[in-house]
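1. need a structure here:
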Amino acid sequence: MDVKAVCLGMLTDGEASGYDLKKQFESTFGHFFAAGYGSIYPALASLASEGYVDCREVPQEGKPDRKVYRITDAGRTRLLEALEKPDPSHKVRSEFLAMMYFAHLMTREQIDTIISHRKQEFDQYLKMFADFEADGLKDWTPGMRFVCGFGKAVTTAIRAYLEEHGDTMTAKDTDNRKAAAG
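-> Residues are numbered from 1 along each chain as shown. I've put the predicted structure just below:
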């Protein structure tokens, strides 16, 4: 699915601004589908020009008008067509893994710092999943609960792998390899 289709899906829950959608991308979608303002706002503009969403402006005091989007019937049809794809890809783009690939060019301190930050990031995701579960996932659809559980399982496994194998990246010869490469 592309950002446009995901935005349409989010709008099935009700009207939202680009800011509202960004918050949803950062929270419930944060562990599996990244999108920033640079992709959300162009997607919404394109969807509006294609008739898949309606946009209305809500005046705000001292600020520019807030644009609020609502999915149209044509947008629902487009979303349902996007959901018919039988083989959605599961791509992982990880700057962390790219950096770890070149760990032999870094110092132990750099590697330890990077791994420590990743552990903290995954701890935050695990807290988010725990918070979702504490709320009982009461209004969540089966698909939403599945994605939450999948995210928790993947995050738990990655966090455990970092804990178990993170020190292999700080082997004694790391500094020697960096010196040899330079």
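
2. give me the contacts around stretch 60-80.
-> Identification of contacts with stretch 60-80 by CB atoms under 8 Å, 6 or more residues apart in numbering yields 5, 7-9, 11-12, 14-19, 44, 47-48, 50-59. Glycine gets a C-beta too; all of them are placed from N, C-alpha and C.

3. then stretch 120-127?
-> Gly30, His31, Gly151, Lys152, Thr155, Thr156, Ile158, Arg159, Leu162.

4. just those residues: which are in helices?
-> Among the contacts of stretch 120-127, DSSP state H puts Gly151, Lys152, Thr155, Thr156, Ile158, Arg159, Leu162 in helices.

5. any idea how far the last one lies from Ala5?
-> In this structure, Leu162 lies at 32 Å from Ala5, with CB to CB, to the nearest Å as the measure.

6. same deal with the third one?
-> Between Thr155 and Ala5 the computed distance is 24 Å (CB to CB).

7. what is the rounded mean pLDDT of the longest helix along the chain?
-> Counting by DSSP H, the longest helix found in the chain is helix 108-134. For helix 108-134, mean pLDDT is 90.

8. would you mark the buried spots in that helix?
-> 108, 110-111, 114-115, 118, 121-122, 125-126, 128-129, 132 (16 or more other CB atoms under 10 Å).

9. which of these sits closest to Lys23?
-> Met128 (12.9 Å; CB to CB).

10. distance of that closest one from Leu11?
-> 22 Å.

11. could you do Phe132 as well?
-> Phe132 is 21 Å from Leu11, by CB to CB.

12. can you map out the helices along the chain?
-> 3-11, 18-26, 37-49, 73-82, 95-101, 108-134, 142-165, 174-181.
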